[in-house]
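Trainee: 3D, please:
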Amino acid sequence: MNGGSSAGGRASSAGPVSLPMPKFAVAARTALSDTGLRRDLRAAAATLRQRREAAAGELGDWQELREAGRAVRDETLLNLDGHLERLEKSVTEAGGAVHWAADAAEAARLVTGLVRATGHGEVVTAAAPAAREIGLHEALTEAGVTVHPTDLAELVARLGDDPRPAARAAPPAFHRDRARLRELFARTLPDAPPGLPDDPAALAAAARAHVRRRLLSARVAVCGADFMVADTGTLVLLESEGNGRTAVTAADTLICVAGIDAVVPTWDDLEVLLQLLPRSATGDRMSPAVSTWTGVTPGDGPRELHLVLLDNGRTTVLADEVGRAALRCVRCSACSHVCPVYERTGDEPYGPRGGGPIGAVLTPLVEGVDGAAHASLPYASTLCGACADVCPVKIDIPELLVHLRGAVVESRRRRPVPTPELLMMRSAAWTMGEQGRYEAALRSGARWARLLSRGGRIRRLPGLLGKWTEARDLPAPPVRSFRAWWRARARRGGQR
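Mentor: This next block holds a predicted model:
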């Protein structure tokens, strides 16, 4: 075993200090004010929903397949330590080297060290969600290594200086239409043809030509793995473009970064997941490019293979009997495509572990809910339940969100100084605990509310209550409450 610590460890290492995440509502303001972004997100999500429904509808046993996927993932998680040990043994016997990273900083240091050891100053990256999770691009750049992304979504994000690439399973540049892409390519790609049109085929050809030159000259490549088969040590990469396949065969040194939850016990288990993921992600019967490789073969592919297994809080989630269901996730993003919140905000407000409903679950599960930003994520949902309906491995995301909201409330109760929200809730509980207090507060509140109204609508409430009217108006309360009306009606009935 190489590297820092076992999968269950949590290393305390000094890494680059990043600015704290803002609360979800604050982080989402930019996206909410961008009408073009919201239009593109809405259109792309609608297309993906239709494709998924059509692909799932082709199979008469889709629900049975979902249940099989749930069972595979649950069994894997319950016996994760044994499967990981078997995976390490299989990869090592096949000629690869396995490194264990307890957190993002340790993983970034491991990969940076492996790249430096090759003596090369450039690296290509392909389809590596875990690399984005650990901030590898920034770590390598800080170490003086030039990084060339080859995945189209990530390439577009880097060229456009986006804070973070689009979700892995969403269409490339989920948040950009073809006119924006044409302008970006013409401005940033040094080898873009003059007069580049906004035709999708021309844009794809320009990106392909640029990426191909990088891939063919690369000596070191970093990729991810969607799945890892413990029985044989086989790494599996699913793509829509095929850049990862070129990267894993053309480079002399291949470094694969994957979360420990990506392991599957056998090829039979992999078969189930390979049917579920592409249909749920993009509505395809099968991923356009499915690459599998096992260890090192002389004269064929890379001379060195390094597998970096990343914990980064996953064992913390595993210890939560309710929350561990989130680790079933196969990163299809189907939950994002049906989420009314994600459709209006995109990835950015959720943080580096990914967007959408599953991102709103995973980040607070891993990081805890003591910080204001992480505590806000479980509330970034309407709890409509659509995400649970489409999840290919039956993760009950609304249940997890409610579980996390309970954890947020409990964490606030432990504070020595109650939050303003908690004080308000305690005041409300005291008021509603006795009928006379409740009715007196209702009469007083209704009078003040009518004073604040204009034209029968309240456009701004004072203090903390102002949050309710930031995005909506409230109707002014009636002169007579329902209780008063009911009592008067009852008296009239008794007089008869």
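
Trainee: hey, where'd the strands end up in the chain?
Mentor: 2-3, 97-101, 122-126, 146-149, 220-223, 227-229, 234-239, 253-259, 263-264, 289-294, 304-310, 457-458, 474-475 (DSSP state E).

Trainee: Just name the most buried of the ones you listed.
Mentor: Per-residue neighbour counts averaged over each of these give the maximum for strand 220-223, namely a mean of 28 (mean count of other C-beta atoms under 10 Å). (Each C-beta comes from the backbone N, C-alpha and C, glycine too.)

Trainee: And the contacts of that strand?
Mentor: The contact list for strand 220-223, computed with C-beta atoms under 8 Å, 6 or more residues apart in numbering, reads 111, 115, 118, 120, 122-128, 131, 136, 237, 244, 247-248, 250-257, 302.

Trainee: and it, which strands flank it?
Mentor: strand 122-126 (parallel), strand 253-259 (parallel) (DSSP bridges).

Trainee: Select from these the stretch with the lowest mean pLDDT.
Mentor: Among those, strand 122-126 has the lowest mean pLDDT, at a mean of 89.

Trainee: still on that earlier bit, looking at the strands of the chain, which is nearest to residue 51?
Mentor: strand 234-239 (16.1 Å; C-beta to C-beta).

Trainee: How much space separates residue 75 from residue 196?
Mentor: For residue 75, the distance to residue 196 equals 50 Å [C-beta to C-beta, to the nearest Å].

Trainee: So for those two, which sits in the more crowded spot?
Mentor: residue 196 (17 against 14; other C-beta atoms under 10 Å).

Trainee: name the helices or strands packed onto the longest helix along the chain?
Mentor: Using DSSP state H, we find that the single longest helix of the chain is helix 35-57. Applying 3 or more C-beta pairs under 8 Å, 6 or more residues apart in numbering; DSSP states H and E, we find helix 35-57 packed against helix 29-32, helix 267-281, helix 334-337, helix 342-345.

Trainee: what residues are up against residue 140?
Mentor: Contacts of residue 140 (C-beta under 8 Å, 6+ apart): 111-112, 115, 123, 147.

Trainee: Dump these into JSON lines; add distance to residue 473 as well.
Mentor: As requested, the contacts of residue 140 are arranged in JSON lines below (distance: C-beta to C-beta, whole Å):
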{"residue": "111", "distance to residue 473": "52"}
{"residue": "112", "distance to residue 473": "53"}
{"residue": "115", "distance to residue 473": "56"}
{"residue": "123", "distance to residue 473": "53"}
{"residue": "147", "distance to residue 473": "48"}
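
Trainee: Among those residues, which one sits closest to residue 412?
Mentor: Of the contacts of residue 140, the one sitting nearest to residue 412 (C-beta to C-beta) turns out to be residue 111, at 38.0 Å.

Trainee: how close does the closest one sit to residue 346?
Mentor: Distance from residue 111 to residue 346, by C-beta to C-beta: 27 Å.

Trainee: Same question for residue 375.
Mentor: 21 Å.

Trainee: Name the residue in these two with the higher neighbour count.
Mentor: Set residue 375 next to residue 346 and count neighbours by other C-beta under 10 Å: residue 346 wins out with 26 against 22.

Trainee: And that one, how close does it get to residue 27?
Mentor: Taking C-beta to C-beta, one finds residue 346 at 11 Å from residue 27.

Trainee: quick revisit: buried residues of the longest helix of the chain, list them for me.
Mentor: Of all the residues in helix 35-57, those buried under the rule 16 or more other C-beta atoms under 10 Å are 37-38, 40-41, 44-45, 48-49, 51-52, 55-56.

Trainee: For it, the averaged confidence score.
Mentor: Helix 35-57 carries an average pLDDT of 92.

Trainee: for it, the distance to its chain's centre please.
Mentor: 17 Å (C-alpha atoms, centre = their mean, to the nearest Å).

Trainee: Report the angle between it and helix 267-281.
Mentor: Using axes from the mean of the first three to the mean of the last three C-alpha atoms, to 10 degrees, the direction of helix 35-57 lies 130 degrees away from that of helix 267-281.

Trainee: export helix 35-57 as PDB, just CAs?
Mentor: Extracted C-alpha coordinates of helix 35-57, given in PDB (Å, rounded to 0.1, in the frame of the first residue of the first chain):
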ATOM      1  CA  THR A  35     -32.000  35.000 -17.700                       C
ATOM      2  CA  GLY A  36     -29.900  33.400 -20.400                       C
ATOM      3  CA  LEU A  37     -28.400  30.800 -18.000                       C
ATOM      4  CA  ARG A  38     -31.900  30.000 -16.700                       C
ATOM      5  CA  ARG A  39     -33.200  29.600 -20.200                       C
ATOM      6  CA  ASP A  40     -30.400  27.300 -21.200                       C
ATOM      7  CA  LEU A  41     -30.700  25.200 -18.000                       C
ATOM      8  CA  ARG A  42     -34.400  24.800 -18.500                       C
ATOM      9  CA  ALA A  43     -34.100  23.700 -22.100                       C
ATOM     10  CA  ALA A  44     -31.300  21.300 -21.500                       C
ATOM     11  CA  ALA A  45     -33.100  19.700 -18.500                       C
ATOM     12  CA  ALA A  46     -36.300  19.300 -20.400                       C
ATOM     13  CA  THR A  47     -34.500  17.500 -23.200                       C
ATOM     14  CA  LEU A  48     -32.700  15.200 -20.800                       C
ATOM     15  CA  ARG A  49     -35.900  14.400 -19.000                       C
ATOM     16  CA  GLN A  50     -37.600  13.400 -22.300                       C
ATOM     17  CA  ARG A  51     -34.600  11.200 -23.300                       C
ATOM     18  CA  ARG A  52     -34.400   9.500 -20.000                       C
ATOM     19  CA  GLU A  53     -38.100   8.700 -20.000                       C
ATOM     20  CA  ALA A  54     -37.900   7.200 -23.500                       C
ATOM     21  CA  ALA A  55     -34.800   5.100 -22.700                       C
ATOM     22  CA  ALA A  56     -36.200   3.800 -19.400                       C
ATOM     23  CA  GLY A  57     -39.600   3.100 -21.100                       C
END
